[in-house]
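[1] Here is the input, now give the coordinates:
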Amino acid sequence: MLKVFWFTMDNTPPSTFSVPVPHFPYFHPKDDLSIRTVVGEPNCRTYAVLDLIKHNQHAVDAAQDWVVTSAAVKVKADTILCFRSLSVTVCTGGPLTQYIPTINKRRLTNPDTNAGPPYKLLHTKYESLC
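    Reported below is the predicted structural model:
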């Protein structure tokens, strides 16, 4: 079984599916009736899939990690797949928020003198995954 998250509209959490993989190790969204019904047949022909391996390795620009394809995706057992319809440009919510760097601040002031800048930004937060 695969866990599939599909972003169908901008600024909206994804639809979630738990689906079998009839042609293991390859999965194509058009092979599942529930996905076709919810996202529509045309969106299952050509879509964007998030390359999680690439995304987790550098996570610099999440938009570069979406691959537009019409081919089946090679998967492993218990894989999480993230798709988006081609009309979607802003993906929010879903399982990938754990992969997005958060803002971490380190206090640089001396508590006795209160001197120095109050915070140093160590990481930035992506506004969206698309």
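[2] just the helices in this structure please.
    Per DSSP state H, the chain carries helices over the ranges 33-39, 41-45, 52-58.
[3] For the last one, the averaged confidence score.
    Put plainly, it is helix 52-58. For helix 52-58, the mean per-residue pLDDT is 56.
[4] same check, this time on the second one
    Taken as a whole, helix 41-45 carries a mean pLDDT of 94.
[5] One more: stretch 94-112?
    Here stretch 94-112 scores 50 as its mean pLDDT.
[6] Repeat that for stretch 17-28.
    94.
[7] got the contact list for that stretch?
    1-6, 31-32, 34-35, 38, 44, 71-76, 81 (Cβ atoms under 8 Å, 6 or more residues apart in numbering). For glycine as for every other residue, the C-beta is placed from the backbone atoms N, C-alpha and C.
[8] Ends of it, what's the gap?
    Using Cα to Cα, to the nearest Å, one end of stretch 17-28 lies 13 Å from the other.
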